[in-house]
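**Q** Build me a structure from this.
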Amino acid sequence: MRRVDQRAIRELGIPGATLMENAGRGAAARIVEWLPDLGLPRRGARVAIVCGKGGNGGDGFVVARWLKRAGHRVDMWLLARPDELRGDSAAMLAQARQRGIRPRIVGETGVLARGLAGADLVVDAILGTGARGKPAPLHARAIEAINASGRPVVALDVPSGLPADGEPPPGPVVRAALTTTFAGIKRGLVAGPAVELAGRIVVVDIGVPAPEVARGVSAFLIEPHDVARHFPPRPREAHKGGYGHLLLVAGSRGKTGAAALSARAAMRAGAGLVTVATAASVQPVVASLILEAMSESVPETEAASVALSGRDLLRELAERRDAVAIGPGLGLHEETQALARSLVFECPRPCVVDADALTALAGHLDRLGGAPAARCLTPHPGEMARMLGVTVADVQRDRIATVRQFATARHAHVVLKGATSVIGVPDGTVLLNPTGNPGMASGGTGDVLTGMLGAFLARGLDATAALASAVYLHGLAGDVAAERHGQESLIAGDVIEALPEAFRRIRGGH
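**A** Predicted structure coming up:
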């Protein structure tokens with residue numbers, strides 16, 4: 001964002017004061033639109049705006065002026081002496097004063113706390129994207145006073161104290177209900193340990209052309225239209241052969257449910273045909289659980305998991321299908337793990353690699369880049385740590401960097417599951433997923449994602465489109481399921497049953 005601002009001023013000739021005016025005016029408009037959701041009037045609300053002395057404070061001075069113009073009662077609190085302000089911020093404070101808005105200088109935060117108690121709404125304009133390190137003592141106390149006020153909070157650009165790049169916050173952070181961020185979404189708003197502190201996020205246009213904002217950006221947030229374009233209405237002459245045939249290699253003794261969930265999810269995700277290849281002794285059980293899919297018996301180990309002797313059969317089955325998914329409930333027998341590696345490294349079809357098949361790759365990742373077709377890996381943090389030979393804390397320290405390095409080094413597509421799942425593409429692009437909820441932390445939901453992803457690959461989507469679509473729709477279906485059943489009671493089958501509604505919503509049905 002600093003580079004965007006610099007290019008806008010130096011190359012496009014947009015004055016910094018104009019950018020600040022556009023930011024504050026746009027944020028004020030979003031606040032006015034949001035007031036009815038809080039049960040507050042569009043005119044006459046009492047708004048407390050807490051400002052620092054930098055650019056974020058300057059945005060706050062503009063917001064104060066435009067909210068007063070819209071008929072609201074504005075109290076402006078300044079965490080600095082007016083003579084400390086410089087440049088555009090000083091100019092915006094002068095304009096606010098001309099409109100009759102007089103800042104109250106905060107020397108000690110007890111006065112601020114009493115002032116916030118009388119407000120209907122608080123606007124946080126203390127620290128923006130330029131802040132570094134732990135907030136200064138006065139700023140920290142002001143942040144704590146805002147959080148203690150119990151009032152709904154709107155943050156300008158980022159909640160004060162929240163590192164814009166997603167690092168752990170070094171001190172207190174404002175807990176916002178709404179964040180009006182300028183020009184583009186910052187990483188710290190959607191990824192990192194403080195993601196829940198931003199509340200609802202809306203992007204405010206500050207007058208910089210979209211191509212300029214996007215120049216040099218390699219991390220993107222998935223939006224509904226990114227997914228919907230891959231699923232146009234089906235023609236009347238559609239038939240099952242036109243929507244792909246997925247081979248799912250899954251299941252073992254005691255883990256037939258994983259295979260069934262993946263198969264059901266693949267069918268709900270629109271695959272024309274699904275065949276489940278599983279250990280011979282459990283094949284009848286799997287077949288009884290999935291009426292719409294076919295099944296194939298594969299030679300098995302003494303642990304009732306697929307055996308290495310079934311390799312030629314599985315290769316033959318894979319060659320006649322459009323995509324392969326391997327891993328759910330597969331088992332950890334030595335032969336089964338060797339079979340999984342053989343398929344992952346040699347199968348000529350696009351492959352989803354999940355669960356026990358990911359474990360099989362530990363110590364063998366150097367061969368992944370030589371696979372003959374796209375490979376999409378779906379690890380949770382523990383599985384990623386096992387593959388890389390590091391700790392979960394190492395993986396989670398910077399999820400974006402972990403995923404980007406893995407995808408580029410192994411020439412693979414990968415999604416690191418979790419809150420705000422992170423997708424990595426071999427060219428270094430990273431996609432962040434905003435859908436999903438904690439209720440999905442339940443056994444089997446990962447198997448559902450595997451089936452969906454396999455279905456989309458079988459339907460002919462390229463690996464990036466398939467992975468982004470599967471992760472987004474999987475999370476959206478989880479959100480629909482949580483609306484229906486609550487997060488505490490959500491199970492994997494609920495996610496599958498919510499998929500039709502998820503498809504409807506991305507097409508604009510909700």
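
**Q** which residues sit against stretch 474-488?
**A** Residues from elsewhere that reach stretch 474-488 (CB atoms under 8 Å, 6 or more residues apart in numbering): 421, 433-440, 445, 448-449, 452, 490, 494-499, 501-502, 505-506. C-beta coordinates here come from the backbone N, C-alpha and C atoms, glycine included.

**Q** of those, buried ones?
**A** Buried by 16 or more other CB atoms under 10 Å: 421, 433-436, 439-440, 445, 448-449, 452, 490, 494-499, 501-502, 505-506, out of those.

**Q** pretty sure residue 184 is touching residue 129, no?
**A** No: judged on CB atoms under 8 Å, residue 184 makes no contact with residue 129 at a distance of 10.5 Å.

**Q** anything in contact with each of the two?
**A** Shared contacts of residue 184 and residue 129, defined by CB under 8 Å, 6+ apart, are found at residue 1.

**Q** I'd like the next helix or strand past the longest helix along the chain.
**A** Identified as the longest helix of the chain according to DSSP state H is helix 463-485. Once the chain leaves helix 463-485, the next helix or strand it forms, by DSSP states H and E, is helix 492-497.

**Q** what are the ranges of the helices in the stretch 51-200 of the chain?
**A** Here the stretch 51-200 of the chain has its helices, by DSSP state H, counting those that start in this stretch, at 55-69, 87-98, 109-117, 137-148, 187-190.

**Q** ok, of those helices, where does mean pLDDT dip lowest?
**A** Of all the helices of the stretch 51-200 of the chain, the minimum mean pLDDT falls on helix 109-117 (a mean of 88).

**Q** Can you list the buried residues in that one?
**A** The neighbour-count check on helix 109-117 (16+ other CB under 10 Å) flags 109, 112, 113, 115, 116 as buried.

**Q** which residue packs closest to the last one, ignoring adjacent ones?
**A** Take residue 116 and drop its neighbours on the chain: the residue closest to it by CB to CB, 6 or more residues apart in numbering is residue 149, 4.0 Å away.

**Q** doesn't residue 274 fall inside a helix?
**A** No: assigned with DSSP: H, G, I helix; E, B strand; the rest coil, residue 274 falls outside any helix and is strand.

**Q** ok, it to residue 470 distance?
**A** 15 Å (CB to CB, to the nearest Å).

**Q** And residue 325, which helix or strand is it part of?
**A** Using DSSP H and E, residue 325 falls in strand 323-326.

**Q** List of residues touching that strand?
**A** Strand 323-326 is contacted from outside by 244, 246-250, 262, 266, 318, 340, 343-344, 347, 349-354, 357, 450-451, 453-454, 457-458, using CB under 8 Å, 6+ apart.

**Q** Just the ones of the residues you listed in helices?
**A** Counting by DSSP H, the contacts of strand 323-326 place 262, 266, 318, 340, 343-344, 357, 450-451, 453-454, 457-458 in helices.

**Q** shouldn't residue 123 be in contact with residue 60?
**A** Yes: with contacts counted by CB under 8 Å, residue 123 reaches residue 60, the gap being 6.3 Å.

**Q** Show me where the stretch 251-400 of the chain has its helices.
**A** Secondary structure of the stretch 251-400 of the chain (DSSP H, counting those that start in this stretch): helices at 256-268, 283-289, 311-319, 334-346, 356-361, 381-388, 392-397, 399-410.

**Q** Just tell me which of the ones you listed ends up closest to residue 193.
**A** Proximity to residue 193 (CB to CB) singles out helix 392-397 among these, at 8.6 Å.

**Q** Packing partners of the closest one?
**A** helix 381-388 (3 or more CB pairs under 8 Å, 6 or more residues apart in numbering; DSSP states H and E).

**Q** okay, the angle between the helix it packs on and helix 399-410?
**A** Relative orientation of helix 381-388 versus helix 399-410 (axes from the mean of the first three to the mean of the last three CA atoms, to 10 degrees): 40 degrees.

**Q** circling back to that earlier point, go through the helices of the stretch 51-200 of the chain and name the closest to residue 167.
**A** Minimum separation from residue 167 across the helices of the stretch 51-200 of the chain (CB to CB) falls at helix 187-190, 7.4 Å.

**Q** Show me what counts as buried in the helix or strand following the closest one.
**A** Counting by DSSP H and E, the element after helix 187-190 in chain order, helix or strand, is strand 200-204. Buried residues in strand 200-204, counted by 16+ other CB under 10 Å: 201, 202, 203, 204.

**Q** does residue 431 count as helix, strand or coil?
**A** Recorded secondary structure, residue 431: strand (three-state DSSP).

**Q** Quick check: closest non-adjacent residue to it.
**A** The shortest distance from residue 431 to any non-neighbouring residue, by CB to CB, 6+ apart, is to residue 423 (4.1 Å).

**Q** Tell me who's in contact with that neighbour.
**A** For residue 423, the contact set (CB under 8 Å, 6+ apart) comprises 222, 403, 413-415, 430-433, 464, 467-468, 471.

**Q** Quick test: name the residue nearest the centre of the chain.
**A** The residue lying closest to the centre of the chain (CA atoms, centre = their mean) is residue 433, at 2.6 Å.

**Q** correct me, but that residue touches residue 419?
**A** No: with contact defined as CB under 8 Å, residue 433 does not reach residue 419; the gap is 9.7 Å.
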